[in-house]
Structure formats: C-alpha cells, structure tokens
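Trainee: Pasting the sequence and the predicted coordinates here, then a few questions.
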Amino acid sequence: MKEAPTSGEGIAVRFSIDLHSTFRRLVRFLAVVAIAASTPRTAAADNIVIPIPGGDLSITPPDFPELKRQDTGDDQLKTWWTGKIGASDTTIEVRVFKKADYWINDPVDMTAFTRDHYSTASRGGDPAFDWESEELIKGPFGWAPFASLVAGKIPNSASAKGELIVLGGVFESHAYAIEITSKPALVAADRSKAMEWLHKGVVAHCKSYDPNWTAEEIRARWEKDVADPKVRAALEKPIRTKHYLILTNSAAGSLFAKKMEEAYSKVQKTFPFPEVEGRRLMPVFVFRTATQYFDFYTNVSKRPRAEAEESKGHAWKDYYATFYDAANDPVHIHEGTHQIFANRLGLEGGGSWFQEGVAEYMCTSPNDRKGFARNAARQGKFVPFKEFVVIKELASSGGADAFSQYSQAASIIQFLHDSKWQPHKFATFLHEMGKLRKEDVASIEGVIQSVYGVDLDGLEKEWVKYWSNF
C-alpha cells in the first residue's frame, strides 16, 4: 500500500497508435485520443448477472461453444469459463475487487493492477510482461463511463506463447476485471470475436459519476477531510476549471485555479499526453492559512504534526493540498506534477528519484540545476546512481542533503529529456520507469538497459559527461 505523504514530498506514489518513434510507447500507453464508443448488446434472458455493491454486472455468455461455465463462492472470482477457443486452451475469469483494498480509482488502475500481478516474479510472473495494446472504450461499463481494454503476450512454454486480454471497469466502491487467458494466443479471427464480446457483451447497471462532482459530493468530501468545524463551515463556492475542482475557504480561489491550469498546460506540453473524456476533475484543497493546512495534513495522513509543519503542500491519492501564500510558488507546479502523473498519466512508480526528478524538473530552470549538477559532475560530489535510485524518500535527508538530492534527480531528467544523447527514447523511458512498481537496482537498471542500452554505471558516465561540459 502507498504510504501517507512525507514532509516536502508529494506522493505520486500513477496507449496501439504509432505516431512516431519518440512518443510511440507513451501514446500506446494512453491511446485514448479517440475513445471508441461501445454499443451494448440488449440484455438477454440468459445473461449472467454478477451482483456488485451499488448495482450489478450483466454479461452476455461468450459465443464459443467449447467453453464451459462454472460459478464459485470465492470473494473475488465470481464466475469463469474453461475450454477451447479454436486450438487455444482458454480460461475466462470474472473477478471483483474492493477498490480501497488495492488503491484502484479508475479502470486504468484496474488493468494496471492486473499487469503488476502477472509481472511480479514472487507470484510466478514474468518481469518482462507488459501490455502490447491499451485503449479506453466508452460505454456503460460502470461508475466511470469507460473501461480499460488491454492485451499482452505471456510466456507459456519454450515453444508457444500465451495471451492475456483484460477488460477493467469500476463501480463506486468496487472494481472488476474480465480476464481472457489463451495458450497459445488466439488466432486473429477468434481474437477479434473475443474483443467484440468485451466491447458489447458487458453492461454495468449502476449510477455513473458526475465528472464535475455534484454539490453533495463536494460537501461530503470537504467535511470528511477537514476536521476543524469553523473551517468546514467556511467553504467558499467551489471553483470548477477544465481539469480541477478547487475547494477552498480563501477568497483567492479563482486566481489559484488559473495558476493550476497554467501548471497543467506546462506539464502536458513537457510530457505530452492526450485528454481522456469523462475523467473526473482533480480535487485541490487550498486553505487560507498554513495552520489550517497543517490541520488538514495531520487529519488526512495521520502523520505527526511536526512533519506537516515542514510541508507547504502535498499531492497524495487523487488530491493536491496547500495553503494560499503566493500563486506563483514553485511548490504548486511541483506537487501539481505529482498529481498529474498519478491521476492522468498513471505513472506513479519508479521510485522517489524518478518522481521527484520529474516534479523538480518542472518547477526549476536549467540555470537552477546548473550550479549543483556541473560542480557535482566535475568534482564527483553526487550520490552514485546505484545508490541514488533506491533511496526511499529524497526528502527524508533534510537540509542541504535533500536539496542536493532533489537537484541530482532533476538533473538526470534534464539530461535524458534535453540532451542530444538518445532524446527520442525519453517517452519510452518515462512510460517504462513510471509504471515500475518494484524499486530495486535490478528492476530500475533493467528498464535503463532495455531503453538506452546501458547499465546504471553507463548512464552515470553519460550524465557526468553532459553536465561537465554544460
């Protein structure tokens, strides 16, 4: 599970269109520029109905005659089919999860959770496993008005490859996944038929969320997270922008909302990602005083008050929280980057060095980073990369050490993004590192090796060369 935010560090603790090589992997990851509309099949008398809190899931039986269905009494596995689709041994499983137990917020989180399961070596998975196609399909798939449909090849044996196809959706408190595992992979005609079934044969009967949040939801969220009764009673009229919901007791909410949208545009321009229709506005809590913010931090995170008082803002779960000091404070774009990476890009892994690196890169300039990085590279006064990438929290060092570590992290991102050393691979790096859940040297180095063709020592040498001559 993710931990609560720590001082000075927001936890950013998160598709197959080939536009061009630089952004091929990232676009594949977020291939939702045009979300395909799904036309649900009319409910039939023989549909399978899976009760889920808040509604039910109606599934038209798959039209493959050699598949046989079984129900289970399992808390997660609700029903399944086994048998043959063509020459492939196939299993179709319908699983339901409590969102709060697995930090699942939307359909992309559901399929990311499935990917992580199949790529975790300790569970018998293959660390190299990844989706080869990902898309969001619009339709009556649940609380969110879209589902995540993904597919990837998985090892079967030395002579054959299997394939996993997953449809993920969410209800208000639960999520579901329909997993089709075939060994070997389905032939093209059968695969197309299975995909059509997932598009048209799954219908969720439940209420859908309001992307802009209802007045009742806003009030409930504010009252749940704000402990002080006087502050709770002072909520100003909520401000809705294109991407944000500003909850505040400050009269400066409109100006702050404008600055958040400017920050969003800057992040989107730097790390391109398409818009997703139907995504909920991201909540931002802006308090009039620092004391009110510290109270909020302590109440929501359950962390010590002293820790809260070292922070000017933090991004965690779906929200960003701060207090109104100056609208141009760089903390806002830093933490805003964390919020976007988690809630729009789905790239919340890779470790503190990666998350703080992209956030610090967004809120500083090349000249800000130059002073530290050039001297560090020339004099060897930096943390060796193999040690640096596994530091759990850069902010935990405090003082000058924290400043140097944040600067080092940002300087690595600048080198990879701005230099002439393989810049066309940056989008692939961003996607691969951001989805990496296991934060150890071997896993991180594996991504660096697969993307750039060098190990961490080799990356460090290139970084030193870049900054020594900057």
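Mentor: That came through fine.

Trainee: buried sites along stretch 320-339?
Mentor: 320-324, 329-339 (16 or more other Cβ atoms under 10 Å). Heads up, the C-betas are built off the backbone N, CA and C, glycines and all.

Trainee: Check stretch 369-387 too.
Mentor: For stretch 369-387, a neighbour-count test (16+ other Cβ under 10 Å) marks 369-370, 372-374, 376-377, 382-383, 385 as buried.

Trainee: so can I have a markdown table of those residues showing pLDDT and secondary structure?
Mentor: A markdown table is the format used below for the buried residues of stretch 369-387 (pLDDT from 0 to 100; DSSP: H, G, I helix; E, B strand; the rest coil):
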| residue | pLDDT | secondary structure |
| --- | --- | --- |
| Arg369 | 92 | helix |
| Lys370 | 92 | helix |
| Phe372 | 93 | helix |
| Ala373 | 96 | helix |
| Arg374 | 95 | helix |
| Ala376 | 96 | helix |
| Ala377 | 97 | helix |
| Phe382 | 95 | coil |
| Val383 | 95 | coil |
| Phe385 | 97 | helix |
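
Trainee: quick revisit: show me the buried residues of stretch 320-339 that map onto helices.
Mentor: 330-339 (DSSP state H).

Trainee: Go through those residues and name the one nearest Ser352.
Mentor: His338 (11.2 Å; Cβ to Cβ).

Trainee: Please list the residues outside whatever helix or strand Glu356 lives in that contact it.
Mentor: Using DSSP states H and E, the element containing Glu356 is helix 352-363. The contact list for helix 352-363 (Cβ atoms under 8 Å, 6 or more residues apart in numbering) reads 9-10, 12-13, 263, 266-267, 270-271, 330-331, 333-335, 337-338, 341, 348, 369, 388-389, 391-395, 405-410, 412-414, 417, 430, 433-434.

Trainee: I'd like the list of the residues you listed that fall within helices, please.
Mentor: Counting by DSSP H, these contribute 263, 266-267, 270, 330-331, 333-335, 337-338, 341, 369, 388, 405-410, 412-414, 417, 430, 433-434 to helices.

Trainee: Buried members of those residues into PyMOL, please.
Mentor: In PyMOL, a selection of the buried entries from the ones in helices among the contacts of helix 352-363 looks like this (16+ other Cβ under 10 Å):
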select buried, resi 263+267+330+331+333+334+335+337+338+341+369+388+405+406+407+408+409+410+412+413+414+417+430+433+434
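
Trainee: what bits of the stretch 51-200 of the chain have low per-residue confidence?
Mentor: The model of the stretch 51-200 of the chain has pLDDT under 70 over residues 121-125, 127, 155-160.

Trainee: Could you pull out the helices in it for me?
Mentor: In the stretch 51-200 of the chain, the helices defined using DSSP state H, counting those that start in this stretch lie at 99-102, 107-118, 188-200.

Trainee: Out of the ones you listed, which is closest to Pro423?
Mentor: Short answer: helix 107-118, nearest of the helices of the stretch 51-200 of the chain by Cβ to Cβ, at 26.7 Å.

Trainee: How far off centre is the closest one?
Mentor: In terms of Cα atoms, centre = their mean, to the nearest Å, the centre of helix 107-118 is found 10 Å from the chain centre.

Trainee: Same question for stretch 383-403.
Mentor: 23 Å.

Trainee: now stretch 172-190
Mentor: Averaged over its C-alpha atoms, stretch 172-190 has a centre that lies 21 Å from its chain's centre (Cα atoms, centre = their mean).

Trainee: Next: stretch 377-390.
Mentor: 28 Å.

Trainee: Who are the contact partners of Val284?
Mentor: 244-247, 256-257, 260, 319-322 are the contacts of Val284 under Cβ under 8 Å, 6+ apart.

Trainee: And it, how close does it get to Thr291?
Mentor: 19 Å (Cβ to Cβ, to the nearest Å).

Trainee: Low-confidence ranges, the stretch 301-450 of the chain, go.
Mentor: The low-confidence ranges in the stretch 301-450 of the chain, as defined by pLDDT under 70, are 397-400.

Trainee: Please name the nearest non-neighbouring residue to Thr364.
Mentor: In space, and not counting its chain neighbours, Thr364 is closest to Ala410: 5.9 Å by Cβ to Cβ, 6 or more residues apart in numbering.

Trainee: Which one of the ones in helices among the buried residues of stretch 320-339 is nearest to Val108?
Mentor: Gln339 (15.3 Å).

Trainee: Just confirm the closest one contacts Lys317, I think it does.
Mentor: No: using Cβ atoms under 8 Å, Gln339 makes no contact with Lys317, being 9.4 Å away.

Trainee: what sits against Ala251?
Mentor: Glu236.

Trainee: So it, which state does it fall into?
Mentor: coil (DSSP: H, G, I helix; E, B strand; the rest coil).

Trainee: Check the gap between it and Val284 for me.
Mentor: Between Ala251 and Val284 the distance, using Cβ to Cβ, works out to 16 Å.

Trainee: Ok, Pro238 next?
Mentor: Distance from Pro238 to Val284, by Cβ to Cβ: 10 Å.

Trainee: Thr298 now?
Mentor: Thr298 is 19 Å from Val284, by Cβ to Cβ.

Trainee: what's the answer for Glu277, then?
Mentor: In terms of Cβ to Cβ, Glu277 sits 21 Å off from Val284.

Trainee: Please tell me I have it right and Leu254 contacts Arg240.
Mentor: Careful, residue 254 is Ser; it's not Leu. No: using Cβ under 8 Å, Ser254 is not in contact with Arg240, being 11.3 Å away.

Trainee: partner residues bridging Ile137?
Mentor: For Ile137, the beta-bridge partners under DSSP bridges are Ala36, Ala147.

Trainee: Am I right that it is in contact with Ala144?
Mentor: No: if you go by Cβ under 8 Å, Ile137 and Ala144 don't touch, sitting 11.3 Å apart.

Trainee: neighbour count winner among these two?
Mentor: Ala144 (28 against 21; other Cβ atoms under 10 Å).

Trainee: how close does the more buried one get to Gly169?
Mentor: 7 Å.

Trainee: now do Ala112
Mentor: For Ala112 relative to Gly169 (Cβ to Cβ), the value is 13 Å.

Trainee: do Lys259 as well
Mentor: Noted for Lys259: a distance of 34 Å to Gly169, by Cβ to Cβ.

Trainee: Tell me which of those two has more neighbours.
Mentor: The neighbour comparison of Lys259 against Gly169 (other Cβ under 10 Å) goes to Gly169, with 30 against 17.

Trainee: pretty sure the more buried one is in contact with Gly139, am I right?
Mentor: No: judged on Cβ under 8 Å, Gly169 makes no contact with Gly139 at a distance of 9.4 Å.

Trainee: what sits in contact with each of these two?
Mentor: Here Gly169 and Gly139 share the contacting residues Ala147, scored by Cβ under 8 Å, 6+ apart.

Trainee: can I see the domain layout of the protein?
Mentor: Domains of the chain are assigned by automatic domain parsing as 32-206, 215-263+279-325, 352-468.
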